[in-house]
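**Q** Just need the structure, nothing else, for what follows:
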Amino acid sequence: MREVRRRAVLAAVVAACVLAVGSVGAPAEASWPDREIVTARFTAKTIPPVTIAGAAPHCSWTNVLTNQTLSMQWALPSGYSLANVTFSAHKDGESQTVTGQSSSLAGGVYTTTIPDTLLEGLGSTFFGGTIAIHVVVRDPATGWMSRAVVYSFTLTLAGIVTGCTAVAT
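**A** All right, here's what the predicted structure looks like:
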């Protein structure tokens, strides 16, 4: 009789647990005994940056009262074209994509010239500071970008460029 009573109590406890778990809607786990081994190989594509090229300091400027221009010298990596190169300008936390610049090619070296009128999105340059032009290569198939080559132009209080440097990041 004790055995019957013990089984009845055990059955009641199991039934209560099943009802409690079932009413909460607890997630269930499943597993399969089939063990497949999968291997994969991933390689990352590295987009090469432009190369600082031409004569040191690899950048220059013209100061004309009505129009100031910034110029940079660089070379394309193999397999890319001028259409894959993007220019962006940065100053005091402001940035903008630069469009409308002109680029010429001589002896494998590009010279890109940006008039200051194309940099109006950066705010006033009258109080000086530094304008950084980032040059990157964008892969047409993936949209991935290279590291930037940065041309930094130093401006005086009157907004006139007085120096520049080029650095590959």
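**Q** ranges for the helices of the chain?
**A** For the chain, the helices defined by DSSP state H cover 2-24.
**Q** Where does the prediction get shaky in it?
**A** Scanning the chain with the threshold set as pLDDT under 70 gives 1-28, 30, 32, 65-66.
**Q** center of it, which residue is that?
**A** The residue lying closest to the centre of the chain (C-alpha atoms, centre = their mean) is Met145, at 6.2 Å.
**Q** Nearest residue to it in space, please, no chain neighbours.
**A** In this structure, Met145 finds its nearest non-sequential neighbour in Val136, 4.7 Å apart by C-beta to C-beta, 6 or more residues apart in numbering. Yep, even glycine has a C-beta here, placed from its N, CA and C like the rest.
**Q** can you pull the contacts of the one you found?
**A** Applying C-beta atoms under 8 Å, 6 or more residues apart in numbering to Val136 gives the contacts Pro49, Val50, Val85, Thr86, Ser88, Met145, Ser146, Arg147, Ala148, Val149.
**Q** mind running it again at 7 Å?
**A** Pro49, Thr86, Met145, Ser146, Ala148 (C-beta atoms under 7 Å, 6 or more residues apart in numbering).
**Q** So which of the residues you listed sit within strands?
**A** Thr86 (DSSP state E).
**Q** so which of the contacts of Val136 is the most crowded?
**A** In terms of neighbours by other C-beta atoms under 10 Å, the contacts of Val136 top out with Ser146 at 22 neighbours.
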